[in-house]
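Visitor: mind folding the following:
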Amino acid sequence: MITFIGDFVCKPDAKGRIVLPARFKKLMNEAGQEGFVVRKSLFDNCLEMIPHCEWQKEVEFLEARLSAYKQKDRRLKRALYKSTAEVALDGNGRFLISKRLMDLVGVAGDVMLLGVGSKIEFWDKNIYESDEIEGDDLADLAEELLGHGFEKEEV
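Guide: Have a look, this model is predicted:
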């Protein structure tokens, strides 16, 4: 399994290509992956870049749980695939995301690539920075969501 961590500001070149940060490129090479499936996040105003090996796991999960004979299932599946595209890395580790997908999340300049486990989130830099959780808000959220059920181990 690939685990991406860290955040990187990236500047698209004149053709709109973005260089994948060296740390992420190394992880992709080690996993034998040459590209991503990119989709609009269901919950945030960003794109999710998912290596093909992880995408295949999601497809298997969806196929196992959604029926071709239920209208709601078909509608959800269609919506999940609608804003999705394959993106390949070129020999220099660059990739190009379609203008249509970039427009969906308001990318207008520099982008932020944020490693979040098995995915990379792709944000407009200004939108990302305006949505950060800091200080006491971050501590309160961590306590609320993670502070129960973990007892301190005695050494």
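
Visitor: where does the prediction get shaky in the protein?
Guide: In the prediction, the chain carries residues with pLDDT under 70 at positions 135, 138, 149-155.

Visitor: switch the cut-off to 90
Guide: 1-2, 14-16, 34, 79-83, 91, 108, 129-155 (pLDDT under 90).

Visitor: what's the single longest helix in it?
Guide: Scanning the chain for the helix with the most residues, using DSSP state H, yields helix 52-65.

Visitor: could you identify the helix or strand that succeeds that one?
Guide: Next in sequence after helix 52-65, counting helices and strands by DSSP states H and E, comes helix 71-82.

Visitor: the following helix or strand past that next one packs against which elements?
Guide: Next helix or strand after helix 71-82 toward the C-terminus (DSSP H and E): strand 84-88. Contacts defined by 3 or more Cβ pairs under 8 Å, 6 or more residues apart in numbering; DSSP states H and E place strand 84-88 against strand 35-40. Bear in mind the C-beta positions are built from the backbone N, C-alpha and C, glycine included.

Visitor: quick one: contacts of the strand it packs on?
Guide: 47-52, 55, 80, 83-89, 95, 97, 101, 104-105, 120, 122 (Cβ atoms under 8 Å, 6 or more residues apart in numbering).

Visitor: ok, now with 6 Å
Guide: 47-51, 55, 83-89, 97, 104 (Cβ atoms under 6 Å, 6 or more residues apart in numbering).

Visitor: middle-most residue in the protein, spatially?
Guide: Glu48 (2.6 Å; Cα atoms, centre = their mean).

Visitor: and that residue, what element?
Guide: Going by DSSP H and E, Glu48 is in strand 47-51.
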